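Peer 1: Predicted model and sequence follow; I will ask about them next.
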Amino acid sequence: MNRILSALAAGLVFGLGIALSGMGNPAKVLNFFDVFGTWDPSLAFVMGGALVTTAIGYRLIFGKAQAPLFDTAFQVPTSRTIDARLVGGSALFGVGWGIAGFCPGGAIPALGFAPWPTALFLISMMGGMVLARWLQALPRRQTA
């Protein structure tokens, strides 16, 4: 139960941050990418604040704690390989973010601002996730 409550608390803090920073508004995000038009640098400040907070948190938590409070071990990626899946997924994420103005996490709080376009984005994103899992499950052809 503590794991669920801590995940809920983290999600609420994230959603509140998205809402307060205005990043739930896709027009604000898209203006960040419009460097030669109506450029809005506020997304860079939001990202910078998140990076600083995360860096400090990692140093404090991983420097002292052997395990998280509500789990037996930290869940961190172990692979350091940069492969086609990582690069392709990153590119797809960036293109989708640039087209729609939503990142997956920021779309949930945005449901309050623009319910129908946001819901369409979320449904499309979930469809893409299902399609990706289906494609990954297909048998791979062996090359001789």
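Peer 2: Perfect, thanks for sending it.

Peer 1: Distance check, the residue lying closest to residue 27 once chain neighbours are set aside against residue 81.
Peer 2: In this structure, residue 27 finds its nearest non-sequential neighbour in residue 101, 6.6 Å apart by C-beta to C-beta, 6 or more residues apart in numbering. Just so you know, the C-beta spots here come from the backbone N, C-alpha and C atoms, and that holds for glycine as well. Residue 101 is 31 Å from residue 81, where distance means C-beta to C-beta, to the nearest Å.

Peer 1: Those two: which is more packed in?
Peer 2: residue 101 (24 against 6; other C-beta atoms under 10 Å).

Peer 1: Now for that one: which residues touch it?
Peer 2: 25, 26, 27, 28, 29, 30 (C-beta atoms under 8 Å, 6 or more residues apart in numbering).

Peer 1: run the last query once more with 6 Å
Peer 2: 26, 29, 30 (C-beta atoms under 6 Å, 6 or more residues apart in numbering).

Peer 1: Could you point out the helix or strand that follows the helix or strand bottoming out on mean pLDDT in the chain?
Peer 2: Every helix and strand in the chain was compared by mean pLDDT, DSSP states H and E; the lowest is helix 104-110, with a mean of 82. The element immediately downstream of helix 104-110 (helix or strand, assigned by DSSP states H and E) is helix 115-137.

Peer 1: Just the residues contacting that following helix, thanks.
Peer 2: Residues contacting helix 115-137 (C-beta under 6 Å, 6+ apart): 100, 102, 107, 110, 111.
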